[in-house]
Each structure stands twice: as structure tokens, then as C-alpha cells.
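Undergrad: just the structure for this:
(one chain, ligands or ions: 2)
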Amino acid sequence: MKNITTTAMPALHALFCAALAMTSVSSPFYCNDNTMQVVNSLPPKRWSWNDCGTPESPVQITDAQYSLDRPTPGDNLTITIKGTSGVDIEDGAYLDVLLKMEEFVYIDQAYPLCDGSSFNTSCPLKAGTHEIVNTIAIPDTMPVASYYARFNAYSAGHDELGCVEFHVKLIQG
Ligand SMILES: *[C@@H]1O[C@H](CO)[C@@H](O)[C@H](O)[C@H]1NC(C)=O
Ligand SMILES: *[C@@H]1O[C@H](CO)[C@@H](O)[C@H](O)[C@H]1NC(C)=O
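TA: Ligands and ions are numbered 1, 2, ... in the order given. Model (predicted):
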């Protein structure tokens, strides 16, 4: 049997098999196997995150959320990052940003963390728990592909603060 890809098919399939079950006709094999459960299940999230700092890093990332499970070019995507800092983060702190599409490096650059020009934060960020909310517009022209983004935070004195990384697969809208 061919793969079934349209969203209406799982419901039709279930109806068809349920109807068959009420008759004496023996069910075709695809009413009995479990291939349709894959089609029936919700599409998987197309992103993941990971704390890429060390256990000794002053900033530990505790959670990250995307507003969209399946981001597509042209979407506004809100990323919420929660973390705990053991130190005050002062003006002059910066993020080294690495963005790769597949193996191609898109961005490899430092951006100020505190002045609001690149990130939705203002300093000082006192030691403790913080939540940073950033909304970004994914450009219409961004290729549908797998992306990797890594944010390495440093203090004004270039001390490593923490790290968070993301894998995102943009899908066709
Ligand atoms: C994204 O946000 C901008 C600015 O708020 C808005 O004009 C635009 O319609 C939004 N796009 C989508 C796809 O929601
Ligand atoms: C900036 O952060 C504030 C507070 O968390 C939030 O309400 C606001 O929507 C954020 N702005 C953007 C552009 O992400």
C-alpha cells in the first residue's frame, strides 16, 4: 500500500476499517497493521534546544519554548528562553552567534546583549532567574532547510557565561 499523506485520510481510513469490522468481510491487511498510527499521530516538533554550556557556566538554561512547532518562512516566531544566572550580567556583555544552514555558515558574529539593538534584553540582569522573549520574523526568502543556531554568552570582560543551541527545520508553509 502506498503512503497516505493527506490529512483527511486517517479519518476515512478509520471509518472504512470500522465499517469493515462490522461485516463478515475479512479486513485488508492495512486495517490490522500499525502503519496508520504514524499518519494519525500529531506531526513532530521541528525544533529542539540544548544547554551547550558546562555545569560550571554561571548561566544555566532551564527551558526554551517556540511559539510554533513547525515554523515556516514568513512566520513571526517568538522564542522564550528561561535561565538562571549566578552572576549579575552588566552592560558590555555580548553573544557570539553562529547560524548554519546545513553545513553552510550564515552568521558567525558577536552582538551586544544589553543595548536592545539585537536582543530584547536590558542590563544589568541581576543574578537569579530570567525569561527572555524575542520575536523574530523569519524572512520569506529563507530556504526551507535544517538550521543550527548557537548563542554563546560572554561578559564584558570576555568570561564565558553560558550557551544555548537550537536545531530548527523550516518547512514549506
Ligand atoms: C508579523 O508581525 C508583523 C509586525 O507585527 C505583522 O505586520 C505581520 O502581519 C506578521 N506576520 C504574520 C505572518 O503573522
Ligand atoms: C520583549 O520582552 C517583553 C517582556 O518579556 C515582551 O512583552 C515583548 O513582547 C518582547 N518583545 C519582542 C519584540 O519580542
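Undergrad: show me where the protein has strands.
TA: Counting by DSSP state E, the chain has strands at residues 47-51, 59-66, 76-85, 94-101, 104-112, 128-137, 146-154, 160-169.
Undergrad: for Thr62, which residues are in contact?
TA: Applying C-beta atoms under 8 Å, 6 or more residues apart in numbering to Thr62 gives the contacts 82-84, 129. In short, each C-beta sits where N, CA and C put it, glycine included.
Undergrad: ok, of the residues you listed, which come out buried?
TA: By neighbour count, with 16 or more other C-beta atoms under 10 Å, the contacts of Thr62 hold Gly83 as buried.
Undergrad: so Val133 sits against Lys82, correct?
TA: No: between Val133 and Lys82 there is no contact under C-beta atoms under 8 Å: 10.0 Å.
Undergrad: hmm, back to that, distance to ligand 1 and mean pLDDT added to the strands of the chain, as JSON lines?
TA: Shown next, in JSON lines, are those (distance: least, C-beta to the nearest ligand atom, whole Å; pLDDT from 0 to 100):
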{"stretch": "strand 47-51", "distance to ligand 1": "17", "mean pLDDT": "95"}
{"stretch": "strand 59-66", "distance to ligand 1": "14", "mean pLDDT": "97"}
{"stretch": "strand 76-85", "distance to ligand 1": "4", "mean pLDDT": "96"}
{"stretch": "strand 94-101", "distance to ligand 1": "20", "mean pLDDT": "96"}
{"stretch": "strand 104-112", "distance to ligand 1": "21", "mean pLDDT": "96"}
{"stretch": "strand 128-137", "distance to ligand 1": "6", "mean pLDDT": "95"}
{"stretch": "strand 146-154", "distance to ligand 1": "19", "mean pLDDT": "97"}
{"stretch": "strand 160-169", "distance to ligand 1": "17", "mean pLDDT": "96"}
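Undergrad: same list (these) but as JSON lines, adding distance to Ser122.
TA: JSON lines is the format used below for the strands of the chain (distance: least, C-beta to C-beta, whole Å):
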{"stretch": "strand 47-51", "distance to Ser122": "23"}
{"stretch": "strand 59-66", "distance to Ser122": "16"}
{"stretch": "strand 76-85", "distance to Ser122": "14"}
{"stretch": "strand 94-101", "distance to Ser122": "14"}
{"stretch": "strand 104-112", "distance to Ser122": "11"}
{"stretch": "strand 128-137", "distance to Ser122": "10"}
{"stretch": "strand 146-154", "distance to Ser122": "15"}
{"stretch": "strand 160-169", "distance to Ser122": "16"}
